[in-house]
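Colleague: Dropping the sequence and predicted coords here.
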Number of protein chains: 2
Amino acid sequence: MSNKETTGEREPTLVQSVDRAITILELLARGERGVTEIAAELGVHKSTVSRLVYTLQARQLVEQHGERGRFSIGIGMLRFAGAVAGQLDIVQVGNPVCEELAGRLGETVNVAVLDSANAINVSQALGTSAVAAQNWIGQRTPSHATASGKALLAFMPPGELDELLAGGLVSYTARTITDPQELGEVLKGVAEDGYATSFEELEPGLHAIAVPVFGSGGDVIAAISASGPAYRLSRKRIPEVVEELRRGARELSDRMAYMGR
Amino acid sequence: MSNKETTGEREPTLVQSVDRAITILELLARGERGVTEIAAELGVHKSTVSRLVYTLQARQLVEQHGERGRFSIGIGMLRFAGAVAGQLDIVQVGNPVCEELAGRLGETVNVAVLDSANAINVSQALGTSAVAAQNWIGQRTPSHATASGKALLAFMPPGELDELLAGGLVSYTARTITDPQELGEVLKGVAEDGYATSFEELEPGLHAIAVPVFGSGGDVIAAISASGPAYRLSRKRIPEVVEELRRGARELSDRMAYMGR
DNA sequence: TTTCTTTGTTGCTCATAGTGCAACTATAAC
DNA sequence: GTTATAGTTGCACTATGAGCAACAAAGAAA
């Protein structure tokens, strides 16, 4: 087996069918679609997709709507979800804290951890404004363009920081910080103030405010953020929101410490 | 390709490597382990597992501890978890309700839906008794031996019910109901009383109480349950617990109806 | 209704991609 | 130091997975 180029190129050898199966799962995670459609997106033959999907279906990782219908992510996936959540105790502990804060603030609240240069949301509670609330769980977001991300970056050893950001800063909106030096300044401010913001730096019209969560060793283990539409989560609300978030962060710290972290 | 027997035997053809990869994920969901160990459990060669695992790792579905260490489920899995959760709005809605009930009752609270003959827990909040709280999310549990399962079965059309249970009733403890006729009687009682119990029918020492959650059409869409150790969640507490659970179930119903279900 | 299109499934065939082997390396145990 | 254990990788073989094409089922159009 050579496997020179599959999706990109890897040094060791990737198992092609598994790699493709995962890609299919990722596509389906973004919405249901049919075999033909998937085949087009993957650049492979219908039949190939049909068999891959069949295998995934046999294990409940995808579901078929009707006899010959379209496919979507299946409930079997929850099995794994539970396992990850169990491993990261911060997920368990984060949920109730998110819920409470979301209730108080009326905005969507997330707990995120850092994974290389991305912030990953691990718990979430939706705000009271029922509709259009996006699901962020498991989402990898670029740390330099999000409030949580900045809260996490601001407390890293400078050496590691540079390494992480070596890839360059991608721009998402006109307000995204793309200059490493500027980002450095901003992060310095975050470390001093104890909170970070992202006002339309990731998506137009989206505001977010975040604070760090400290582990018992004084290190930053996560960030907790509130996010909502620009007109509702305005700059004026910063003091109020930060205060609430800090309370939540402290509670999270305490509970984690209690569990032996 | 023939693929006559891989794990069992399927009529259409399974993609072997994908099937194996999923098995690996399932193993890792139950705890971290090494390549050699996995290879033994799968009955394949180390190298095969090493490559499969590498592929999974490249997509963050598994994580390696250290350079050449053991493997465990990875954060990337959360991406998919979020997707499932987004599809089943009951997950979103169920979480806060679970949290609240768990707080009041001090026991673990779960929301479950029916998937063929199994009850699957889709949301969960842990009780106050911090330790030893098991993670049930995504777990498929045999409906005839669990409180949630019985609450779900009790409101099914009798025809479908018989079909579901045609496979026979597996016994888990001395108290598990294994006689279909007896189960029928019990379910009738559940439908009348409006709640179901499982006292050491799934695991010795484990008690659970559940009530159904109705959809806007009057059909049962889920069940909500409280579970805990036998000595704490005793029969005496049934009235109290049922009352709380009913309140939660009603809230869940209302919220779901509000969302258009 | 019939016909035309589209989409998912399946038998067949070929060659690629995946597996097993074995040698290699790194880490841990003694 | 030696030995044992566990993960990775080059190589060779063939079982396995992918593509093709014919088929079946379900809609859409006429």
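Modeller: Received the coordinates, thanks.
Colleague: contacts for the helix or strand of chain A with the lowest mean pLDDT?
Modeller: Sorting the helices and strands of chain A by mean pLDDT, DSSP states H and E puts helix A:158-164 at the bottom, at a mean of 76. Identification of contacts with helix A:158-164 by CB atoms under 8 Å, 6 or more residues apart in numbering or on different chains yields A:116-117, A:143, A:153, A:156, A:187. Using the backbone N, CA and C atoms, a C-beta is placed for each residue, glycine as well.
Colleague: And the buried ones among those residues, selectable in ChimeraX?
Modeller: What follows is the ChimeraX syntax selecting those of these that are buried according to 16 or more other CB atoms under 10 Å in any protein chain shown:
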select /A:117,143,153,156,187
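Colleague: ok, so of the contacts of helix A:158-164, who is nearest chain B?
Modeller: Using CB to the nearest CB, A:S116 comes nearest to chain B of the contacts of helix A:158-164, at 9.9 Å.
Colleague: any idea how far that closest one lies from B:L183?
Modeller: If you measure A:S116 against B:L183 using CB to CB, to the nearest Å, the figure is 52 Å.
Colleague: Could you list the low-pLDDT ranges of chain A?
Modeller: Counting by pLDDT under 70, chain A shows low-confidence ranges at A:1-12, A:67-68, A:128-136, A:258-261.
Colleague: Just say helix, strand or coil for A:V211.
Modeller: Assigned by DSSP: H, G, I helix; E, B strand; the rest coil, the conformation of A:V211 is strand.
Colleague: swap that for A:S171, please
Modeller: Secondary structure, three-state DSSP: A:S171 is coil.
Colleague: isn't it right next to A:E201, touching?
Modeller: No: between A:S171 and A:E201 there is no contact under CB atoms under 8 Å: 9.3 Å.
Colleague: and for those two, which residues touch both?
Modeller: By CB under 8 Å, 6+ apart, no residue touches both A:S171 and A:E201.
Colleague: which residues does A:F214 form a beta bridge with?
Modeller: A:V220 (DSSP bridges).
Colleague: Could you check the angle the host helix or strand of A:D19 makes with helix B:16-29?
Modeller: Secondary structure assignment for A:D19, by DSSP states H and E: helix A:16-29. Interaxial angle of helix A:16-29 relative to helix B:16-29 (axes from the mean of the first three to the mean of the last three CA atoms, to 10 degrees): 70 degrees.
Colleague: Who are the packing partners of the next helix or strand after helix A:16-29?
Modeller: Per DSSP H and E, the first helix or strand lying C-terminal to helix A:16-29 is helix A:35-42. Counting contacts by 3 or more CB pairs under 8 Å, 6 or more residues apart in numbering or on different chains; DSSP states H and E, helix A:35-42 packs against helix A:16-29, helix A:46-58.
Colleague: Wait, a helix at A:A81?
Modeller: Yes: counting by three-state DSSP, A:A81 is part of a helix.
Colleague: quick one: it from B:G205, how far?
Modeller: For A:A81, the distance to B:G205 - CB to CB - is 27 Å.
Colleague: And A:S171 and A:E201? Which one has more around it.
Modeller: Taking neighbours as other CB atoms under 10 Å in any protein chain shown, A:S171 and A:E201 compare with A:E201 leading, 24 against 14.
Colleague: mind listing what the more buried one touches?
Modeller: A:145-146, A:172-173, A:175-177.
Colleague: for it, helix, strand, or coil?
Modeller: coil.
Colleague: Kindly state the domain boundaries assigned to chain A.
Modeller: A:16-78, A:88-258 (automatic domain parsing).
Colleague: what about the shortest one and DNA strand D, any contact?
Modeller: Yes: contact of domain A:16-78 with DNA strand D is found when judged by CB under 7 Å from any atom of the strand, involving A:16-17, A:20, A:44-48, A:51-52, A:67-68.
Colleague: ok, and does that domain reach over to DNA strand C?
Modeller: Yes: interface with DNA strand C: domain A:16-78 contributes A:16-18, A:34-37, A:46-47, A:50-51, A:53-54, A:64, A:68-70 (CB under 7 Å from any atom of the strand).
Colleague: Narrow these to just the buried residues.
Modeller: When the residues of domain A:16-78 next to DNA strand C are checked for burial by 16+ other CB under 10 Å, the buried set is A:17-18, A:34-35, A:51, A:53-54, A:64, A:70.
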